[in-house]
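Chemist: dropping the sequence and predicted coords here.
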Amino acid sequence: DEDEDESEAVTSEDAYMFPVYGSVALFSMYVVFKYLRADWINMLLSAYFAVLGVAALTQVGVRIVKGATGIKLSQYHVNVEHRSKKLLAMRFTNLHLGTLGVSAILTAVYLYSKNWIVSNMFGLAFSFSAINLIRLDSFKTGMIMLSGLFVYDIFWVFGTEVMVSVAKSFDAPIKVVFPRNLIGGGEEALRMTMLGLGDIVVPGIFVALCLRFDRQRYLTKLGYARDQALPPALNGRHRGFPFATPYFNAAMAAYVGGLATTIAVMHKFKAAQPALLYLSPACILSVVATGMARGELAQVFAYSEEVKEKKGEGEGEDAAKVKDEVAVQQPQHRYNLRNQATQAVAAAATATTPMSGGELADDEQDTAATGEKAGSGASDALESASDGEKPVVTTAAKKKKKAKGGKTSKTAKAK
């Protein structure tokens, strides 16, 4: 189910390497297109992105429908195991099957016609999935990443032909395209303006960080802590509660303004423009200016999110230590078990990855199922404990009976 997507945290060390990895990938694609047949390469890439596109469109379609209607459907669970090793675990609903069918039809249309509207649908779905799967751990990391890619974009667009050449040769939905003149028509309308997905994803994950920071500010103001029950002001809602979003609004406005500036300069000079030349400063300055205006600049730079998954999985004691840390940090308000003994057993059995403030599960079916499973596991554990005590009592009783019988026998002999 999409509610349990795992996101990969980007640290400052990762952010420093973004321009390096991007440069290697970009230049490699340039060499491939220069020395190999472009049509064969694009055929392989089209097939690859078609498979990814079906998955991305399905995910986005499900989220849109659920967000618009609030519908909740029963889930199908598919688990494939081999010799007690889990190979596959899937959960889906009828809504997933329906959107999967629509996505497959759109994929066939794209492969047959290469329609730019369908291509844009794939591109936006990829961007949405990437923003959902990648999260920055702090504003410091975000600013390092934007600054590094600012230099990267300028160098590869203005300093070489590599970026523009790859963008024109790459016939796959890795960019959003639209006609330069939709109204006037003519030859100008046939010429396309391109926006790389990186120009959407990179600022997008920074804007998403701003939204999480706004939510964290609100929860902190309410006095929320991870090991406590939800504040009354939330009315029992784990997600979807309203809160002020000054940083998100500022970053989003800056992104739209930077994108408009990019398009205007591109039309003015009739030349390709590195979008991050305008987007990176706009996003960074919007957050800094908002923090200064609200007197919260120190909180902005101090904000940091916990990494959901511990890096460098260890063996033996290290792995056990990480597991214990995760179990200790488990939010206590998610389950309502009947007694302290049951809670102790269930906490060990149902510990999940720690979450940052406000990032709480809201799938009622999953909560009910997990609570039922935890209660069942706790009951079994308590029954096992009771069964374990029973032989001890029986043995003690037998010894007592035997001792009593032996004493009677000795008395009889004495007589």
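Modeler: Received the coordinates, thanks. Residues are numbered from 1 along each chain as shown.

Chemist: going forward, measure contacts between C-alpha atoms and count neighbours the same way
Modeler: Will do.

Chemist: let me know the next secondary structure element after the helix or strand containing Ser103.
Modeler: Taking DSSP states H and E as the criterion, Ser103 maps to helix 94-113. Moving toward the C-terminus from helix 94-113, the next helix or strand (DSSP H and E) is helix 116-133.

Chemist: who does that next one touch, helix- and strand-wise?
Modeler: helix 38-69, helix 94-113, strand 175-179, helix 198-221 (3 or more CA pairs under 8 Å, 6 or more residues apart in numbering; DSSP states H and E).

Chemist: which residues in the chain form strands?
Modeler: Assigned by DSSP state E, the strands in the chain fall at 8-10, 76-82, 85-92, 134-136, 175-179, 192-196.

Chemist: winner for burial among those strands?
Modeler: Highest mean neighbour count of these: strand 134-136, a mean of 22 (counted as mean count of other CA atoms under 10 Å).

Chemist: coming back round to it: nearest to Thr99 among the strands of the chain would be which one?
Modeler: strand 85-92 (11.2 Å; CA to CA).

Chemist: what lines up beside the closest one in the sheet?
Modeler: strand 76-82 (antiparallel) (DSSP bridges).

Chemist: can you list contacts of the partner strand?
Modeler: Outside strand 76-82, the residues that touch it by CA atoms under 8 Å, 6 or more residues apart in numbering are 86-93.

Chemist: what angle sits between that strand and helix 94-113?
Modeler: For strand 76-82 against helix 94-113, the angle by axes from the mean of the first three to the mean of the last three CA atoms, to 10 degrees is 80 degrees.

Chemist: what does the pLDDT read for Ala275?
Modeler: pLDDT for Ala275: 89.

Chemist: need the contacts of strand 76-82 in a markdown table (columns: distance to Tyr152 and pLDDT).
Modeler: Converted to a markdown table, the contacts of strand 76-82 look like this (distance: CA to CA, whole Å; pLDDT from 0 to 100):
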| residue | distance to Tyr152 | pLDDT |
| --- | --- | --- |
| Lys86 | 42 | 84 |
| Leu87 | 40 | 84 |
| Leu88 | 39 | 83 |
| Ala89 | 39 | 84 |
| Met90 | 39 | 83 |
| Arg91 | 40 | 86 |
| Phe92 | 40 | 85 |
| Thr93 | 42 | 88 |
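
Chemist: make CSV from those and add distance to Arg215 to it.
Modeler: Listed next are the contacts of strand 76-82 as CSV, based on distance: CA to CA, whole Å:
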residue, distance to Arg215
Lys86, 36
Leu87, 37
Leu88, 34
Ala89, 32
Met90, 30
Arg91, 29
Phe92, 29
Thr93, 30
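
Chemist: now for the helices and strands packed on helix 116-133, which one comes closest to Ala264?
Modeler: strand 175-179 (14.3 Å).

Chemist: ok, Ala275 to Pro203 distance?
Modeler: 10 Å (CA to CA, to the nearest Å).

Chemist: give the residues shared as contacts by those two.
Modeler: In contact with both Ala275 and Pro203: no residue, using CA under 8 Å, 6+ apart.

Chemist: what's the closest non-adjacent residue to Gly123?
Modeler: Nearest residue to Gly123, sequence neighbours excluded (CA to CA, 6 or more residues apart in numbering): Pro173, at 5.2 Å.

Chemist: next up, the contacts around the one you found.
Modeler: 49, 119-120, 122-123.

Chemist: could you rerun that using 10 Å?
Modeler: 45-46, 49-50, 53, 110, 114, 116, 118-126, 196-197 (CA atoms under 10 Å, 6 or more residues apart in numbering).

Chemist: among those residues, name the buried ones.
Modeler: 46, 49-50, 53, 110, 114, 116, 118-126, 196-197 (16 or more other CA atoms under 10 Å).

Chemist: sorry, back to before: got the helices and strands packed on helix 116-133 as a markdown table, with mean pLDDT columns?
Modeler: Converted to a markdown table, the helices and strands packed on helix 116-133 look like this (pLDDT from 0 to 100):
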| stretch | mean pLDDT |
| --- | --- |
| helix 38-69 | 88 |
| helix 94-113 | 91 |
| strand 175-179 | 81 |
| helix 198-221 | 92 |
